[in-house]
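Colleague: Fold the following for me, if possible:
(chains A, B, C and D)
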4 protein chains.
Amino acid sequence: MKAQVLHKYDPEMKADVWVTGEELPNPKIEKASDVIVKIGAAGVCRTDMGHENAGWIEEVGKDVTGFKKGDAVILHPKVSGTGGTCLDCRRGNDMHAEDPIFAGLNVKHGGYSELLQTSVRNLIKIPKVLGPIDVAPFSDAGLTAYRVVKKATRHLLPGENCVIIGAGGLGHIAIQCMKAMCAANIIVVEKAKAPLEHAMELGADHGVLIDGNEIEKVKELTKGKGAEAVIDFVGEKGSTPMGIKMTKATGTFYIVGYGEEIRVLAIDMIDQEKSIVGSLVGTWAELYELMELADKGLVKLSMKEYKLEEANKALHDLNDGKIKGRAVLVP
Amino acid sequence: MKAQVLHKYDPEMKADVWVTGEELPNPKIEKASDVIVKIGAAGVCRTDMGHENAGWIEEVGKDVTGFKKGDAVILHPKVSGTGGTCLDCRRGNDMHAEDPIFAGLNVKHGGYSELLQTSVRNLIKIPKVLGPIDVAPFSDAGLTAYRVVKKATRHLLPGENCVIIGAGGLGHIAIQCMKAMCAANIIVVEKAKAPLEHAMELGADHGVLIDGNEIEKVKELTKGKGAEAVIDFVGEKGSTPMGIKMTKATGTFYIVGYGEEIRVLAIDMIDQEKSIVGSLVGTWAELYELMELADKGLVKLSMKEYKLEEANKALHDLNDGKIKGRAVLVP
Amino acid sequence: MKAQVLHKYDPEMKADVWVTGEELPNPKIEKASDVIVKIGAAGVCRTDMGHENAGWIEEVGKDVTGFKKGDAVILHPKVSGTGGTCLDCRRGNDMHAEDPIFAGLNVKHGGYSELLQTSVRNLIKIPKVLGPIDVAPFSDAGLTAYRVVKKATRHLLPGENCVIIGAGGLGHIAIQCMKAMCAANIIVVEKAKAPLEHAMELGADHGVLIDGNEIEKVKELTKGKGAEAVIDFVGEKGSTPMGIKMTKATGTFYIVGYGEEIRVLAIDMIDQEKSIVGSLVGTWAELYELMELADKGLVKLSMKEYKLEEANKALHDLNDGKIKGRAVLVP
Amino acid sequence: MKAQVLHKYDPEMKADVWVTGEELPNPKIEKASDVIVKIGAAGVCRTDMGHENAGWIEEVGKDVTGFKKGDAVILHPKVSGTGGTCLDCRRGNDMHAEDPIFAGLNVKHGGYSELLQTSVRNLIKIPKVLGPIDVAPFSDAGLTAYRVVKKATRHLLPGENCVIIGAGGLGHIAIQCMKAMCAANIIVVEKAKAPLEHAMELGADHGVLIDGNEIEKVKELTKGKGAEAVIDFVGEKGSTPMGIKMTKATGTFYIVGYGEEIRVLAIDMIDQEKSIVGSLVGTWAELYELMELADKGLVKLSMKEYKLEEANKALHDLNDGKIKGRAVLVP
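Modeller: Numbering: from 1, shown residues only, chains lettered A, B, ... in the order given. Below you'll find the predicted structure:
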């Protein structure tokens, strides 16, 4: 099969570059629960070789039930090497399972290829009205946004506020999920005008530009108290102290983006009983839930298509800020 | 002041009738936390004398803080005679508090009058864009619908289903709350066509007419499994066995309407791990949350105005099925 | 291998009887995730052929990881034919999974034999200080008691009350779990004196004999209000109306034992906001948790050993009320 | 009445010192919900004038119900100036209420006196078998320990682990509450041997001395993974980075003690989905729950009595480390 093979990390582009069009042997069924998927779309991320994948089943292992050749599927990016038998898997907490295998990271290659070997435990059928191209980036970017929104909506009540810091790739999905899943006011905090305008179009109640007065503005919008939930998709350049200050007493600061050290006085956490909650990519069941949202038309992705052999072009465009939303490789 | 005073229960109309335009002495401040409210609107219910009230503050007791003459307020229908010091009050569970006082039921009169004595603990300020006439029936009918929807939305996930039995006075509010607070599919089950059409206009995903095949239809709409939540606003003429059958394994049947005996085999509850949850009017904090939903324009009431002295006409119209939504008395 | 093979259901004994010492072909590995277990102990239940099993691993399928020949294991009684890929499995809710297989019920034979074919998904390693004989009946009777107690302890606070109806096979485990997992007062309601005394020895705070005044007695012990949780392990001869009456407003009646129809007026459920919750055997993860409790010495089983070939004697003794706790077959 | 009046803050002792035996005018009922309490015992804290109080009711305001002269009561340290009408009060979250009044801190004097003016909203009746002297320090030190333990026990399951850092005044209460309320393993981490031994006597499962290898030891005791809950009562000298490292993936680090800045890389919070939760003194309802635990004999305080006029001696002894547990002033 044809595949993009990792060449080297290019420090100038801050990205990996690939040798295009390499011929690799086709992957094979090894375990009885293995599945070979023909890639239909693969989201492009700077530092891996394809973990946002969707396509059609090509072949299934002998113990696989419920899936057959031709089924359109999206692939959860992570799977436990235990085959789903460790305690975390058994409690539904599969993204913290033992012996994790992550497509495109700790296995030889991911979805920048024609075929991919995966486990039946990674698969979710794509709702009928959608195809692989519509959903591939949901499997990581979308799923990460969905999971943190789900956590926040479990406690956000009508009349409460949610601040979303960063309205880019993850943020624009989070706004849509938040709007679909609770009635809290959505306040988007952004450093750039274009994504802020996009956020308002997607249904945010208020947009706040980072201009030095952003904390005061959020306080004004929240009766001087801050927001019950603050979700930080940035995690650098001072977003974490800003976000913690925007959080109401007894509220929660969710941290998703990373880059900096979180620093906060213990007394400030205690006196106001604030919480800081780290949030990662979601579980298999949460990807299922996200597919249901997408199927209902409640969440849509912005993306740009490239042919598999244009992988390096996609990377360059990504680096040059030419892509709104997500780049996706198609066969 | 002028008031409608209870005359007798009329068995033919299944309602109380009133002597119109009686003169009663004005109510007075007794406790330091008492408040006198000038009634601006009172929802009409068949069996009481006004527990759905909103208006403007006329006078406050000497220890009242945060409210002043002229403030527009909605009144929670229930208050604890303990002044908010019993354990249920202290846990926020005020509608199960000790020594309950219910406007228009276990006190001399309610809101079918010019003035009403109440406690500061019953009051919530009405959001600025709304007035007493827009919100009065929220204080009981609306609050009951909101509370049960809130319970269900705490567990309903995208892709899951909620059946609402009865799309009348409470049901039409419930549909709007449900749509605002979660992404579950809403299936409305009704015996009459008009409210079913209204339900679809309000955003229900599916409408099912009660015609003998309603259980099969709900099963079809839920992949043969039933709904994760079923809310029964009817509670009579077989709605409870129907609703329990429409409930998925591990799902919950919420009962709000009453009239019949619930009967279910223990083995059916156990084998499928179903739950039956009784739900009543909500707490003060939940009425606050509902006002926030209304303020955002997410929930609207259908109602018809009558002058206070037309109370008996309102009752007759109610009895004759001439009122869509709620009748409201205004001064 | 030797096995007890079902002969017929004996209506007089209300139990199955077996042909003893039949020779059956040894079970074989079929799926890559299959495991053959050498039975070390099997709890005796009247109406099946062994679903409470523990033993040692004899052979593992080619994709099994984490287990090897000789490991002492307890077997969860249920497994999904999907191999753990359906939505319920993925959410940790494996006992409601699709395509269920229940040892000794809907497969040819269970643990009344020398060897048993099962799935790696049924296995939990037994803590080192215990052996198969100490734990076998935990896999169903114990797990059912644990699950319902866990549900109740999630909401029971210090100063609150839990009524346990029935202090027999399940009840005596429930009392121990309850005592280990929360600080609520435990009130045991029983029709017989001996199990009531046993309950008090196990740490119940109060024992109430069913003598016609049991509801009043529970009310006295709970300041006239009833208990926040009532767990009914009986489910017949009027235990369900009794238990619902013993439940406090906003409390929960958990139903585990079955036999009768639950009947309650809708208005009584609503006015007091009571809940009725059906509870079944627990999940794999809950069996793991129960093993941890047993390992800490916090829960102990009463049982009596019989040799495998004495199966019919065990059944007769069970029928004659000669067994305190659980009968267990050993090789 | 006699009272200890604040003289000055003594930087050497790091404590306030008092002028002893001042005569002050008796406090009076001002609001209809006010209560005058005759102090029976007051816990000694270095930086205030008595916020851990218990005693007997001397006089009640005209709208007070449910309490009368002579009732033995413990006083919650905080009350809202709103009289319990703000949203936080109405949700049971009274320790975050608006316009807070804290006995001995932001009002003229607290419990180092013969009489104290307070609100009916601060009062809880003391269970019959206990007296003011047995419970006074529960109202702050005990309540803070109880609240954080309650939060942790809501998610701690059998087989899971809880690390308690610091087994002093709060820690020794926390261990007892933890043991009463869940079955998790309790691992106490301490820098001094005497409190560690005390912790083991109170029922801790493991004691770990802070000697440079404490993180490794906690990892060993938790299968290499860390604890599901870590409660830090110290909050200085490096306890927070230590505690966060002892926390398992998806676990929670509860911070109660303060003094230092919490510093953690965003990526470490995200990758392991850890949470940091600040915890303060509890609510009125939680003090009620703690009284129930004490009444059952499940939690006991270590304390030493001093006469009111010996307040400075108590402070000196506290400063010199001569007091095990809590100093308490009695009339």
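Colleague: Can you find the helix or strand in chain A with the smallest mean pLDDT?
Modeller: Least confident helix or strand, chain A: strand A:15-23 with a mean of 69, by mean pLDDT, DSSP states H and E.
Colleague: Residue numbers of chain A in contact with chain D?
Modeller: A:93, A:96, A:235-236, A:240, A:249-250, A:255-280 (C-beta under 8 Å from any C-beta of the partner chain). C-beta: built from backbone N, CA, C; applies to glycine.
Colleague: Report the buried members of these.
Modeller: A:93, A:96, A:235, A:240, A:249-250, A:255-258, A:260, A:262, A:264, A:266-267, A:269-270, A:272-280 (16 or more other C-beta atoms under 10 Å in any protein chain shown).
Colleague: Touching, residue A:118 and residue A:35? I think so.
Modeller: Yes. At 5.6 Å, residue A:118 and residue A:35 qualify as touching, with contact defined as C-beta atoms under 8 Å.
Colleague: Can the following helix or strand past the least confident helix or strand of chain A be said to contact chain C?
Modeller: Counting by DSSP states H and E, the next helix or strand C-terminal to strand A:15-23 is strand A:34-43. No. On the criterion C-beta under 8 Å from any C-beta, strand A:34-43 is out of touch with chain C, staying 9.3 Å away.
Colleague: buried set for the next helix or strand after strand A:34-43?
Modeller: The C-terminal neighbour of strand A:34-43 among helices and strands, as given by DSSP H and E, is strand A:52-60. Across strand A:52-60, burial judged by 16+ other C-beta under 10 Å covers A:52, A:53, A:54, A:55, A:56, A:57, A:58, A:59, A:60.
Colleague: Going by neighbour count, list what's buried in the host helix or strand of residue A:292.
Modeller: Element membership of residue A:292, judged by DSSP H and E, is helix A:284-295. Neighbour-count burial for helix A:284-295, with 16+ other C-beta under 10 Å as criterion, is recorded at A:284, A:285, A:286, A:287, A:288, A:289, A:290, A:291, A:292, A:293, A:294, A:295.
Colleague: Show me the helices in chain A, by range?
Modeller: Using DSSP state H, the helices of chain A run over residues A:87-90, A:132-135, A:141-153, A:171-181, A:193-201, A:214-221, A:239-245, A:266-271, A:284-295, A:311-319.
Colleague: okay, the ones you listed in JSON lines with mean pLDDT and distance to residue C:124 next?
Modeller: Formatted as JSON lines, those follow (pLDDT from 0 to 100; distance: least, C-beta to C-beta, whole Å):
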{"stretch": "helix A:87-90", "mean pLDDT": "96", "distance to residue C:124": "10"}
{"stretch": "helix A:132-135", "mean pLDDT": "94", "distance to residue C:124": "36"}
{"stretch": "helix A:141-153", "mean pLDDT": "97", "distance to residue C:124": "28"}
{"stretch": "helix A:171-181", "mean pLDDT": "97", "distance to residue C:124": "36"}
{"stretch": "helix A:193-201", "mean pLDDT": "95", "distance to residue C:124": "48"}
{"stretch": "helix A:214-221", "mean pLDDT": "98", "distance to residue C:124": "49"}
{"stretch": "helix A:239-245", "mean pLDDT": "98", "distance to residue C:124": "41"}
{"stretch": "helix A:266-271", "mean pLDDT": "97", "distance to residue C:124": "38"}
{"stretch": "helix A:284-295", "mean pLDDT": "97", "distance to residue C:124": "22"}
{"stretch": "helix A:311-319", "mean pLDDT": "84", "distance to residue C:124": "46"}
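Colleague: Turn those into JSON lines, including distance to residue C:179.
Modeller: Formatted as JSON lines, those follow (distance: least, C-beta to C-beta, whole Å):
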{"stretch": "helix A:87-90", "distance to residue C:179": "25"}
{"stretch": "helix A:132-135", "distance to residue C:179": "50"}
{"stretch": "helix A:141-153", "distance to residue C:179": "33"}
{"stretch": "helix A:171-181", "distance to residue C:179": "39"}
{"stretch": "helix A:193-201", "distance to residue C:179": "53"}
{"stretch": "helix A:214-221", "distance to residue C:179": "48"}
{"stretch": "helix A:239-245", "distance to residue C:179": "41"}
{"stretch": "helix A:266-271", "distance to residue C:179": "33"}
{"stretch": "helix A:284-295", "distance to residue C:179": "34"}
{"stretch": "helix A:311-319", "distance to residue C:179": "59"}
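Colleague: Figure out which of the ones you listed is closest to chain B.
Modeller: Nearest to chain B, of all the helices of chain A, is helix A:284-295, at 3.1 Å by C-beta to the nearest C-beta.
Colleague: got the contact list for the closest residue to chain C within the stretch 101-250 of chain A?
Modeller: Nearest residue of the stretch 101-250 of chain A to chain C: residue A:120, at 5.8 Å (C-beta to the nearest C-beta). By C-beta atoms under 8 Å, 6 or more residues apart in numbering or on different chains, the contact list for residue A:120 reads A:33, A:34, A:35, A:60, A:61, A:64, A:66, A:67, C:83, C:85.
Colleague: Okay, whichever residue of the stretch 1-150 of chain A sits closest to chain D and residue A:87: tell me how far apart.
Modeller: With C-beta to the nearest C-beta, the shortest gap between the stretch 1-150 of chain A and chain D falls at residue A:96, namely 5.4 Å. Noted for residue A:96: a distance of 10 Å to residue A:87, by C-beta to C-beta, to the nearest Å.
Colleague: try residue A:308
Modeller: Applying C-beta to C-beta to residue A:308 and residue A:87 gives a distance of 39 Å.
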